[in-house]
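Peer 1: here you go, sequence then predicted model.
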Amino acid sequence: MQLKKISRVLISVSDKTGILELAKALRDNGVEIIASDGTAAYLQDNKIEVRTVTEITGSPEILGGKVKTLHPAIHAAILANPDDSLERSQLTAIGPIDALIINLYQLPGFDIGGPAMIRAGAKNCEHVCVITSPTQYSDLAMNLKSGISLSQRQQWARTALITTAEYDLQLAAQSGTSLRYGENPHQSATLVSRSNLGVAGSELIQGKAMSFTNYLDVDAAWKLCNVIKGSVSIVKHGIPTGVAHSRDLASAYRSAFACDSISAFGGVVAVSAHVDEMCALEITKNFTEVVAAPSYTEAALILFSSKSNLRVIKIRESQPTPWEFRAIEGGYLVQERNLFTENDSATSWKLVAGKACNSSQLKDLEFAWRIAALSRSNAIVVAKDQATVGIGAGNVNRLDAARSAVLRAQPDLLQGSVAASDAFFPFPDALEILIASGVSAVVQPGGSVNDFDVIAAAQAAGITMYTSGIRHFSH
């Protein structure tokens, strides 16, 4: 268990909720209490004996209280390993601090010393308890006699780091760009940009200010159109309605739009190349919320200016961040970004049914595969001649994904098309829908307990099937 008894604690809190009761419990268990001057005054007024930070350091608060705990004597006591005699010998003002009880200034305050101590304590959680919320006080008090376990100290350290991370984001949001509202009018929202690169740092060339959902859709569309440079993507509510690649951008847009012209109405268009006049002309024929691209010709911008409500933005390319964060109730999920690897190349796939595809078919299969990987799961993408023919995305089962992809497709384009599934087929039924529609080749990850039946269905129908050995779920 590695129980840790607390003998010395430093308290610095702006929110005094519950701190008096905790301080009494600490005192009754013989714990030495050190406190920042403001917190010390509050505790002393309530008959709790404390030593102030100023007493310990010999340095009074300066700059109106902005500098008080930022002192080597304090941070050394937090960071020291009490089991290391050399480190203990370097602590001249006080011995090791075993616990920190800190909460941060409420916004719009800007706490400096608090986060610094919290991070120091979290780094040394093998020896230090870091308490950052009154909700943790009872657990600390309950275990003062027995000691605090290492697992509990580690949990508090994780909570502490999340607390400082959220605090930093809230501070950044104060200087961010306020949006009209979030996903709904009753939700406030802010854009916080790391730089002038990427979607968050895009430049608005014309039109109304970007909305919360505009940014979400542009982000999805921008990733899709960069699957292959020179592509055009159209996104609605975070789901692609069409993607196409061509040297002629106007043709690429027409193909992307034709994939699902009904859903493309009021969508977001992203182009991963310099937008010329002919491409702009095609875009202006349909109602579009946002056009996003790295650059535009003057003639293209003149055409767009005729659509006063059309938002036109310029995006400077950025490197993708290596991690993705999602908030859930009570915490966060953190994962590596889903990047393409060598397993996403047709040269790495395994032929499990039918004849090997020719180079043109393989090119279309890779195109469909990458679009499926960036579509909401469950996703099936049907493609032909470097353009999506039908997209079934955001479905709760793969059978409906196949039905949606075929239903949205123009029947004459389905013959000889190829299809990609972002995860394996659990049964042959979804594959059979694709086969009946005219699909000639399919790529899927494989790995289902029913792989034998799925592959047998492909062989019986005389179509080609590859397995990639890798899946690309996107929830």
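Peer 2: Yep, it's here.

Peer 1: over to the nearest residue to residue 207 once chain neighbours are set aside: give its phi and psi.
Peer 2: Spatial nearest neighbour of residue 207, chain neighbours left out: residue 311 (3.5 Å); criterion: CB to CB, 6 or more residues apart in numbering. (Glycine included, C-beta is placed from N, CA and C.) The phi and psi values for residue 311, taken as degrees, to the nearest 10, are phi -90, psi 130.

Peer 1: likewise for the one 4 residues further on?
Peer 2: The phi and psi values for residue 315, taken as degrees, to the nearest 10, are phi -120, psi 120.

Peer 1: measure it to residue 239 for me?
Peer 2: 20 Å (CB to CB, to the nearest Å).

Peer 1: do the same with residue 53
Peer 2: 55 Å.

Peer 1: ok, those two, which is more surrounded?
Peer 2: Remark: of residue 53 and residue 239, residue 53 carries more neighbours, 26 against 18, as counted by other CB atoms under 10 Å.

Peer 1: who's in contact with the nearest residue in space to that one that is not next to it in sequence?
Peer 2: In space, and not counting its chain neighbours, residue 53 is closest to residue 36: 5.2 Å by CB to CB, 6+ apart. Residues near residue 36 by CB atoms under 8 Å, 6 or more residues apart in numbering: 10-12, 52-53, 68-69, 113.

Peer 1: again, only this time at 10 Å
Peer 2: 10-14, 50, 52-54, 61, 65, 68-69, 74, 102, 113-114, 117 (CB atoms under 10 Å, 6 or more residues apart in numbering).

Peer 1: ChimeraX command for the buried members of those?
Peer 2: To isolate the buried members of the contacts of residue 36 in ChimeraX, using 16 or more other CB atoms under 10 Å:
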select :10,11,12,13,50,52,53,61,68,69,74,102,113,114,117
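
Peer 1: in helices only, show me the contacts of residue 36.
Peer 2: Mapping the contacts of residue 36 onto helices (DSSP state H) picks out 53-54, 74, 113-114, 117.

Peer 1: now do the strands in the stretch 101-250 of the chain.
Peer 2: 129-131, 177-179, 189-191, 203-206, 231-236, 239-245 (DSSP state E, counting those that start in this stretch).

Peer 1: could you dump the ones you listed to a markdown table with distance to residue 271 and mean pLDDT?
Peer 2: Formatted as a markdown table, these follow (distance: least, CB to CB, whole Å; pLDDT from 0 to 100):
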| stretch | distance to residue 271 | mean pLDDT |
| --- | --- | --- |
| strand 129-131 | 49 | 97 |
| strand 177-179 | 24 | 94 |
| strand 189-191 | 22 | 95 |
| strand 203-206 | 14 | 96 |
| strand 231-236 | 5 | 97 |
| strand 239-245 | 11 | 97 |
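
Peer 1: quick one: which of these is nearest residue 335?
Peer 2: Residue 335 sits nearest to strand 239-245 of all the strands of the stretch 101-250 of the chain, at 20.8 Å, using CB to CB.

Peer 1: which helices and strands does that closest one pack with?
Peer 2: In terms of contacts (3 or more CB pairs under 10 Å, 6 or more residues apart in numbering; DSSP states H and E), strand 239-245 is packed against helix 212-225, strand 231-236, helix 249-259, helix 261-264, strand 267-271, helix 359-373, strand 380-384, strand 387-392.

Peer 1: mind putting those into CSV with distance to residue 40?
Peer 2: Below are the helices and strands packed on strand 239-245 laid out as CSV (distance: least, CB to CB, whole Å):
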stretch, distance to residue 40
helix 212-225, 44
strand 231-236, 56
helix 249-259, 66
helix 261-264, 63
strand 267-271, 56
helix 359-373, 57
strand 380-384, 64
strand 387-392, 63
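
Peer 1: same list (the ones you listed) but as TSV, adding distance to residue 88 and mean neighbour count.
Peer 2: Below are those laid out as TSV (distance: least, CB to CB, whole Å; neighbours: other CB atoms under 10 Å):
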stretch	distance to residue 88	mean neighbour count
helix 212-225	51	22
strand 231-236	60	28
helix 249-259	67	23
helix 261-264	68	16
strand 267-271	59	29
helix 359-373	54	23
strand 380-384	63	30
strand 387-392	64	30
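
Peer 1: relative to residue 330, which of the ones you listed is closest?
Peer 2: Closest among the helices and strands packed on strand 239-245, using CB to CB: helix 212-225, at 23.6 Å.

Peer 1: tell me the angle the closest one makes with strand 239-245.
Peer 2: Angle, helix 212-225 to strand 239-245, by axes from the mean of the first three to the mean of the last three CA atoms, to 10 degrees: 40 degrees.

Peer 1: run the angle between helix 212-225 and strand 231-236 for me.
Peer 2: 150 degrees.

Peer 1: for the residue lying closest to residue 6 once chain neighbours are set aside, give me the pLDDT.
Peer 2: Among residues not flanking residue 6 along the chain, residue 98 sits closest, at 4.4 Å (CB to CB, 6+ apart). The model reports residue 98 with a pLDDT of 95.

Peer 1: residue 98 reaches residue 33, doesn't it?
Peer 2: No - the pair residue 98 / residue 33 is not scored as a contact, 11.5 Å apart, by CB atoms under 10 Å.

Peer 1: who touches both of those two?
Peer 2: 8-10.

Peer 1: could I get those in CSV, plus columns for distance to residue 79 and pLDDT?
Peer 2: Putting these into CSV (distance: CB to CB, whole Å; pLDDT from 0 to 100) gives the following:
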residue, distance to residue 79, pLDDT
8, 14, 97
9, 16, 97
10, 12, 97
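
Peer 1: now, which of those sits nearest residue 262?
Peer 2: residue 10 (63.0 Å).

Peer 1: how about the closest residue in space to that closest one that isn't next to it in sequence, secondary structure?
Peer 2: Using CB to CB, 6+ apart and skipping the chain neighbours, the partner closest in space to residue 10 is residue 34 (4.6 Å). Secondary structure, DSSP: H, G, I helix; E, B strand; the rest coil: residue 34 is strand.

Peer 1: verify the contact between residue 34 and residue 48 for me.
Peer 2: No - contact criterion CB under 10 Å: residue 34 and residue 48 do not qualify, at 11.8 Å.

Peer 1: hang on, the earlier thing: do you know how far the residue nearest to residue 53 is from residue 26?
Peer 2: 16 Å.

Peer 1: residues contacting residue 19?
Peer 2: By CB under 10 Å, 6+ apart, the neighbours of residue 19 are 11, 13, 35, 39, 42-43, 46, 48, 101, 103, 134, 137.

Peer 1: so for residue 34 and residue 48, which residue has more residues nearby?
Peer 2: Just comparing residue 34 and residue 48: by other CB under 10 Å the higher neighbour count belongs to residue 34, 22 against 18.

Peer 1: before we move on, the earlier item: and the shared contacts of residue 98 and residue 33, which is closest to residue 302?
Peer 2: residue 10 (64.3 Å).

Peer 1: isn't that closest one up against residue 117?
Peer 2: Yes - using CB under 10 Å, residue 10 is in contact with residue 117, at 7.3 Å.

Peer 1: now do the helices in the stretch 1-150 of the chain.
Peer 2: 19-28, 37-45, 53-57, 72-79, 85-89, 113-123, 137-142, 150-174 (DSSP state H, counting those that start in this stretch).

Peer 1: now the first one, how far from the chain's geometric center?
Peer 2: What that stands for is helix 19-28. Here helix 19-28 is found 40 Å from its chain centre; the criterion is CA atoms, centre = their mean, to the nearest Å.

Peer 1: same thing with the second one?
Peer 2: Taking CA atoms, centre = their mean, one finds helix 37-45 lying 42 Å from the centre of the chain it belongs to.
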